[in-house]
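>>> This is the structure alone, sequence omitted:
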């Protein structure tokens, strides 16, 4: 947390907490208390300073804790359907102009690390296309969850990787194994291996080449890279954040291929 960002972000927390949409006359400290509880913040009593001890704890947070407060406050607003675009624009401006490595997430429900705009926009477009595609099930929801778990304020690599695989499975199911209700990325790879002639892609393939090989390679990389899928006698190895982020982009590629019709089943 650069020192130059601390005062404007603390001011934003105070501004957001004073939003009329969050004020509850029946429970004056409700919002602040809830966020303090979620973040395990123990507010210190300082009666001579005046005001709510919960409010003071949130508006005087510093460093990583201040980022946690911003993230939690955005999530709280989103949960309750508070669409305060003025506050979102103000926070976006502060983070952008201050050169923060964080930005407001697309859903305005938290913070996320900045990613190269072209890369972020490509994944965002894939999520939107998947949401509009009836044949790819819940691929959009899983890919969005994977992105948030990989790039959010509190990244969860294991969940990010798991959601990435689910996104790819949802997108590929109707093309690769439509009649297998229990299809997984593993069984779909087996289907491709045993019946390559059933599938084709729009990718140009040299004479005698294998048109479905690129799809198989990406599916294999995503599937075999998950280290925490099963337990055993040896310790389970959780995915690293770097591996999880790579998995999200592999999954986004697969989802885009299947949503766009780049991979099809031959008649």
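On my side now, so go ahead. Source: prediction; values computed, not measured.
>>> State the mean pLDDT of stretch 107-127.
For stretch 107-127, mean pLDDT rounds to 93.
>>> do the same with stretch 175-188
93.
>>> Low-confidence bits of the chain, can you list those?
Along the chain, the parts satisfying pLDDT under 70 run over 20-21, 23-28, 46-51.
>>> show me where the stretch 101-250 of the chain has strands.
Assigned by DSSP state E, counting those that start in this stretch, the strands in the stretch 101-250 of the chain fall at 102-104, 111-113, 199-201.
>>> Switch the ones you listed over to CSV; also include distance to residue 178 and mean neighbour count.
(Each C-beta comes from the backbone N, C-alpha and C, glycine too.) Shown next, in CSV, are the strands of the stretch 101-250 of the chain (distance: least, Cβ to Cβ, whole Å; neighbours: other Cβ atoms under 10 Å):
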stretch, distance to residue 178, mean neighbour count
strand 102-104, 39, 19
strand 111-113, 34, 20
strand 199-201, 12, 17
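>>> For residue 240, which of those strands is the nearest?
Checking those against residue 240 by Cβ to Cβ gives strand 111-113 as the closest, at 15.4 Å.
>>> one step back: dump the strands of the stretch 101-250 of the chain to a markdown table, plus distance to residue 141.
Formatted as a markdown table, these follow (distance: least, Cβ to Cβ, whole Å):
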| stretch | distance to residue 141 |
| --- | --- |
| strand 102-104 | 20 |
| strand 111-113 | 17 |
| strand 199-201 | 25 |
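>>> To residue 168, which of these lies closest?
Evaluated over those, closeness to residue 168 peaks at strand 199-201, with 15.2 Å, by Cβ to Cβ.
>>> for the closest one, the distance to its chain's centre please.
Offset of strand 199-201 from its chain centre (Cα atoms, centre = their mean, to the nearest Å): 30 Å.
>>> tell me which strands and helices that strand is in contact with?
Using 3 or more Cβ pairs under 8 Å, 6 or more residues apart in numbering; DSSP states H and E, the elements in contact with strand 199-201 are helix 213-224, strand 263-265.
>>> Brilliant, that's me finished.
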